[in-house]
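In: need a 3D model of the sequence below.
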Amino acid sequence: MTNTTMKAIVCHQYGGPEILEYTEVALPKLQDNEILIQIKATAVTAASIFMRTGKPYFGRLFTGLTKPKLAIPGTDLAGEVIAIGKSVQQYAIGDKVMAATDLNCGAYAEYICLPEDSLVVKQPHNMTAAEATGMIDGASTALSFFRDTIQLKAGQKVLINGASGSIGTAAVQLAKYFDTEVTAVCSGKNEALVRSLGADFVIDYTQKDFTKQPTKYDVIFDTVGKLSFSKSKKALKQQGVFLTPVLSMAGMMQMLIGNLFRQKKLKFSATGLRPEALRKKDLLFLKDLIEAGKLKTVIDREYTLSEMQAAHRYVETGHKVGNVVVVFK
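Out: Numbering: from 1, shown residues only. Model prediction:
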């Protein structure tokens, strides 16, 4: 490459979407064990919002107490390998890949260097870059909950709250893959979508409260962190489990203390903090499911890198359907 700079989004403080600055920065320098990826797409996820706002505050223990540790945000990406370090063996120039950088960030830029043994896998052959990057966060989160946190079993009844979101649309498909009965909770306008993904039943939360219905569930997965465990547990079977990727201080106390004394459990998992070896296995597993036609990405809107502020504002409305991706033109 002859150019020495690239376009990127930088973030030097916590705050609203307006702090995301579209600018030029130096190209990363390729190390012997790294691949240089020209990024074709990235995603705006709940993790993206958290890393920008620094809320909840205890998360700053990982991202920086008073300001972000890393200037370039972004955790998910898909792109093409355009250069390799001299010791790289797994990838070649021209390979299409998808990757998760987690707390290392850096995906909101035109290029990134990643070690070949990091969370990088070949992009599914039947997906575009936008579809691939949209699948990483939601599907990885749902998979870790279903397969590792609770070992979901065939025939169980699963209720998914926020079924039309990025985690929810993946969770509906994965719950069906594990051969369970799925009830999706979303607005009525998204019923056709979640049924097309495999939902057996749909509850329009604007019309019905599932906690006041007679059906009891083995698993309630609150993908958006908006439900109360105290209220929801009445809809759980006696040994049912409530899952959430968003943990409040009250939820933390309920999990640490309450789980010792009750059969109905609350469980939390931070996907991005799981061991890297497990995360890579997850991505490979998801890649196989995608190529087998058992998992697809739902994309709500696409933005360009220069429109990152608008993308964040839209995600913060809480009304996106599936994924919001940023495509590099």
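
In: count of neighbours near the residue lying closest to A310 once chain neighbours are set aside?
Out: The shortest distance from A310 to any non-neighbouring residue, by Cβ to Cβ, 6 or more residues apart in numbering, is to Y303 (6.2 Å). No exception for glycine: its C-beta is placed from N, CA and C like everyone else's. Neighbourhood size, Y303 [other Cβ atoms under 10 Å]: 18.

In: for Y303, what are phi and psi?
Out: phi -130, psi 170 (degrees, to the nearest 10).

In: please read off the pLDDT at it from the model.
Out: On pLDDT, Y303 comes in at 98.

In: same question, N259
Out: 53.

In: what residues are up against L236?
Out: Neighbouring residues of L236 by Cβ atoms under 8 Å, 6 or more residues apart in numbering: 216-218, 220, 242, 264.

In: how near is it to L159?
Out: Going from L236 to L159 by Cβ to Cβ, to the nearest Å gives 9 Å.

In: list residues touching both of these two?
Out: With Cβ under 8 Å, 6+ apart as the test, L236 and L159 both reach 217, 220.

In: of the contacts of L236, closest to A26?
Out: Nearest to A26 among the contacts of L236, counting by Cβ to Cβ, is F242 at 46.3 Å.

In: list the neighbouring strands of the host helix or strand of the closest one plus their orientation.
Out: In the assignment (DSSP states H and E), F242 maps to strand 236-244. Here strand 236-244 is paired, per DSSP bridges, with strand 217-222 (parallel), strand 265-268 (parallel).

In: only the buried residues of that strand, if you could.
Out: Residues of strand 236-244 classed as buried: 236, 240-244 (neighbour count, 16 or more other Cβ atoms under 10 Å).

In: try stretch 58-67
Out: For stretch 58-67, by 16+ other Cβ under 10 Å, it's 60, 63.

In: try stretch 149-163
Out: Neighbour-count burial for stretch 149-163 [16+ other Cβ under 10 Å]: 150, 152, 156-163.

In: any chance you could list what contacts it?
Out: Looking at what lies outside stretch 149-163 - Cβ under 8 Å, 6+ apart - the contacts are 146, 168-169, 171-172, 175, 178-186, 190, 194, 199, 202-203, 205, 210, 215-224, 226-227, 235, 237, 241, 243, 267, 269.

In: try stretch 197-209
Out: Against stretch 197-209 from outside (Cβ under 8 Å, 6+ apart): 159-161, 163, 169, 172-173, 175-176, 181-188, 191, 194-195, 210, 213, 296, 298.

In: out of those residues, which are buried?
Out: Buried, going by 16+ other Cβ under 10 Å: 159-161, 163, 169, 172-173, 175-176, 181-186, 191, 194, 210, 296, 298, out of the contacts of stretch 197-209.

In: which of the strands paired with strand 236-244 is buried the deepest?
Out: strand 217-222 (a mean of 25; mean count of other Cβ atoms under 10 Å).

In: which two among the contacts of L236 are spaced furthest apart?
Out: Across those (Cβ to Cβ), the longest gap, 12.5 Å, separates K216 and F242.

In: can you tell me the centre-most residue of the protein?
Out: D137 (2.1 Å; Cα atoms, centre = their mean).

In: what is the neighbour count of the nearest residue in space to it that is not next to it in sequence?
Out: If the residues on either side of it in the chain are set aside, D137 comes closest to T45, at 4.5 Å by Cβ to Cβ, 6+ apart. Neighbour count for T45, taken as other Cβ under 10 Å: 24.

In: then A41?
Out: Residues lying near A41 (other Cβ under 10 Å) number 23.

In: secondary structure class for it?
Out: On the three-state scheme (DSSP: H, G, I helix; E, B strand; the rest coil), A41 is labelled strand.

In: bridging residues for it?
Out: Beta-bridge partners of A41, as defined by DSSP bridges: A78, V327.

In: contact partners for it?
Out: Residues in contact with A41 (Cβ under 8 Å, 6+ apart) are 77-79, 128-130, 132-134, 325-328.

In: now do the same contact list for V172.
Out: 160, 163, 182, 184, 194, 197-199.

In: mind checking the SS state of it?
Out: helix.

In: show me what counts as buried in whatever helix or strand L283 lives in.
Out: Using DSSP H and E, L283 falls within helix 276-291. By neighbour count on 16+ other Cβ under 10 Å, the buried set for helix 276-291 is 279-280, 282-283, 285-287, 289-290.

In: same question, stretch 308-318
Out: Quick answer for stretch 308-318 (16+ other Cβ under 10 Å): 308-312, 314-316.

In: helices - which of those residues land there?
Out: Among these, DSSP state H puts 308-312, 314-316 in helices.

In: dump those residues to TSV, plus distance to V10 and pLDDT.
Out: As requested, these are arranged in TSV below (distance: Cβ to Cβ, whole Å; pLDDT from 0 to 100):
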residue	distance to V10	pLDDT
M308	10	98
Q309	12	98
A310	17	98
A311	15	98
H312	14	98
Y314	20	97
V315	19	95
E316	19	93
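
In: can you point out the buried residues in the one helix or strand the residue nearest to the centre of the chain maps to?
Out: Assigned by DSSP H and E, D137 belongs to helix 129-143. Applying a neighbour-count criterion of 16+ other Cβ under 10 Å, one finds 129-143 buried in helix 129-143.
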